[in-house]
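> Show me the folded form of this:
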Amino acid sequence: MARLVKPSLKFEREYLAALKESKRERQVTRLTEPKGSFEDFVRTYKDMEKGKNLPKYYVPATKYWLVDGSHFLGWITVRHRLTARLRDFGGHIGYWIRPKYRNKGFGTLILKLGLQKAKQLGIKKILITCSPSNPASRKIIERNGGKFLDVRCARTHFNTKEVRFWIDLHERSLR
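Model prediction:
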């Protein structure tokens with residue numbers, strides 16, 4: 001059964017295999033790709049959760065990995081607060097599913113589980129964004145209670161447009 005776990009050395013091989021499968025995707029950023037040892041990489045996420053050693057423009061955030069047994073399926077980041085920049089692009093949550101596990105319901109599941117984690121952090125209302133050219137992500141957000149807010153030009157990402165949604169965690173039963 002798929003579940004969320006914090007980043008762990010236990011999944012190093014699977015995680016690195018997932019990165020190789022997805023090299024051409026934008027979601028593979030400097031914070032999802034290990035630069036040094038995998039142990040240091042995992043420690044970076046622990047620091048991020050505590051708000052330590054954050055890169056410029058970043059906020060405290062908790063990273064979770066969706067796993068099923070020994071298989072790494074994807075990741076979700078729950079940002080603890082928003083900045084003006086995150087209101088335009090990114091919101092409270094970002095998620096990614098490994099290519100070979102897409103279109104199997106794991107996107108909907110990872111967001112559902114991530115919303116539970118956000119509620120545990122005391123976040124009452126989630127802002128989440130996706131690209132207008134990603135209808136699969138939009139469906140995932142809407143299946144999890146996302147209410148369309150607007151389409152906004154994200155000043156910080158080369159004027160990329162983002163579709164923004166709100167999810168009210170008090171209106172939803174998150175079981």
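> pull the helix or strand with minimum mean pLDDT from the protein.
helix 84-88 (a mean of 87; mean pLDDT, DSSP states H and E).
> Next secondary structure element downstream of it?
Once helix 84-88 ends, the next helix or strand along the chain (criterion: DSSP states H and E) is strand 93-97.
> packing partners for that next one?
The contact analysis (3 or more C-beta pairs under 8 Å, 6 or more residues apart in numbering; DSSP states H and E) places strand 93-97 against strand 71-79, helix 106-120. Where C-beta positions appear, they are placed from N, C-alpha and C, glycine not excepted.
> what's the closest of the ones you listed to residue 142?
In terms of C-beta to C-beta, the element of the helices and strands packed on strand 93-97 nearest to residue 142 is helix 106-120, at 9.9 Å.
> Output the closest one as CSV - backbone C-alpha positions only.
Below are the C-alpha coordinates for helix 106-120, written out as CSV (Å, rounded to 0.1, in the frame of the first residue of the first chain):
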residue,chain,number,x,y,z
PHE,A,106,-1.0,8.1,-7.5
GLY,A,107,-1.2,11.8,-8.3
THR,A,108,-4.6,12.1,-6.7
LEU,A,109,-3.4,10.0,-3.8
ILE,A,110,-0.2,11.9,-3.1
LEU,A,111,-2.0,15.2,-3.1
LYS,A,112,-4.7,13.8,-0.7
LEU,A,113,-2.0,12.6,1.7
GLY,A,114,-0.1,15.8,1.3
LEU,A,115,-3.2,17.8,2.3
GLN,A,116,-3.5,15.7,5.4
LYS,A,117,0.1,16.6,6.3
ALA,A,118,-0.6,20.3,5.6
LYS,A,119,-3.6,20.2,7.9
GLN,A,120,-1.4,18.6,10.6
